[in-house]
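Chemist: need the 3D shape of this:
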Amino acid sequence: MNDIHKLSGAYALDAVDEFERAQFERHLSECGDCRTETASLQETAALLSETTAVTPPPALRAAVLAGISQVRPIPPVRPTTTPRRRWLPLLVAASLLAVLGISAAIWQPWTPTGQGSLTAAEQVLSSQDAESVAVDLGAAGSATVTRSESMGLAVITTKDMAPAPSGKVFAIWLQNDEGAMIPAGLMPPGEDNQLVLDGDAAAATAAGITVEPEGGSPEPTTEPIALFDFSKAT
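Modeler: Numbering: from 1, shown residues only. Reported below is the predicted structural model:
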């Protein structure tokens, strides 16, 4: 989407897909306005969830459904007089949705056409700038990391991968241009897996897999069993 600030309301209502959630949570770490707005909207949504729903008149339901596509949250700005006024359109929409019992999932005008049913991993794998690096682990199986720079996301896909040693897990890392390894997730159990990596894959130079204690580590404690050099991606 063009303005990620507009996702604050949908995120607060849990009406985003995996790709939008990953993008917006990365944005939240950098935008104080959105953190404040999202926290307030989540508080309001929690209060609404405690109210008692009533059956609305048919005319009211029809009017809301007819006009809901015109309701849009606006990007955060620094207010000068009435800080909460810019939230009113979204709060009104959220209140009506809660009272009417309408699923927030029907209102996602920011969902890209044709991608509404795709998972975040599928969107990365099918993106026009997707590039992949595969590593053959021999008898331990194989793994491929696919990155989309435009999305800032990467996906690791394993096939026939042997399980981690007892009491250990496979940790995934993104390597920055200074050579530091940044935690990007833990591989779930199973031979064939697909995992969207945490962190900004667009800024990474490589990805790696290490064997770590259960629960993971803040930094690698072992040498990588696989290293995916993005400069060699195809």
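Chemist: what about stretch 193-206, start to end distance?
Modeler: End-to-end distance for stretch 193-206: 19 Å, by C-alpha to C-alpha, to the nearest Å.
Chemist: contacts for that stretch?
Modeler: 18, 22, 26, 120-121, 124, 145, 147-158, 161, 172, 174-177, 182-185, 187-188, 207, 227-231 (C-beta atoms under 8 Å, 6 or more residues apart in numbering). All C-beta spots, glycine's among them, are computed from the backbone N, C-alpha and C.
Chemist: centre of the chain to that stretch, how far?
Modeler: 12 Å (C-alpha atoms, centre = their mean, to the nearest Å).
Chemist: which parts of that stretch are buried?
Modeler: In terms of neighbour count (16 or more other C-beta atoms under 10 Å), stretch 193-206 has its buried residues at 194-201, 204, 206.
Chemist: likewise stretch 156-163?
Modeler: By neighbour count with 16+ other C-beta under 10 Å, stretch 156-163 contains the buried residues 156-158, 161.
Chemist: start and end of it, how far apart?
Modeler: Stretch 156-163: ends 16 Å apart by C-alpha to C-alpha.
Chemist: would you convert the buried residues of stretch 156-163 into CSV that also reports pLDDT, distance to residue 10 and secondary structure?
Modeler: Shown next, in CSV, are the buried residues of stretch 156-163 (pLDDT from 0 to 100; distance: C-beta to C-beta, whole Å; DSSP: H, G, I helix; E, B strand; the rest coil):
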residue, pLDDT, distance to residue 10, secondary structure
156, 94, 27, strand
157, 93, 28, strand
158, 93, 32, strand
161, 89, 35, coil
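Chemist: out of the contacts of stretch 193-206, which sit inside strands?
Modeler: 145, 147-148, 153-158, 172, 174-175, 182-185, 207, 227-229 (DSSP state E).
Chemist: buried subset of those residues?
Modeler: Using 16+ other C-beta under 10 Å, the buried members of these are 145, 147-148, 153-158, 172, 174-175, 182-185, 207, 227-228.
Chemist: quick one, strands of this protein?
Modeler: 131-136, 142-148, 153-159, 168-175, 181-186, 193-196, 206-213, 226-229.
Chemist: just list what the fourth one packs against, helices and strands only.
Modeler: Packed against strand 168-175 by the contact rule (3 or more C-beta pairs under 8 Å, 6 or more residues apart in numbering; DSSP states H and E) you find strand 181-186, strand 206-213.
Chemist: so for residue 9, which of those sits nearest?
Modeler: The closest of the helices and strands packed on strand 168-175 to residue 9 is strand 181-186. By C-beta to C-beta, the value is 27.4 Å.
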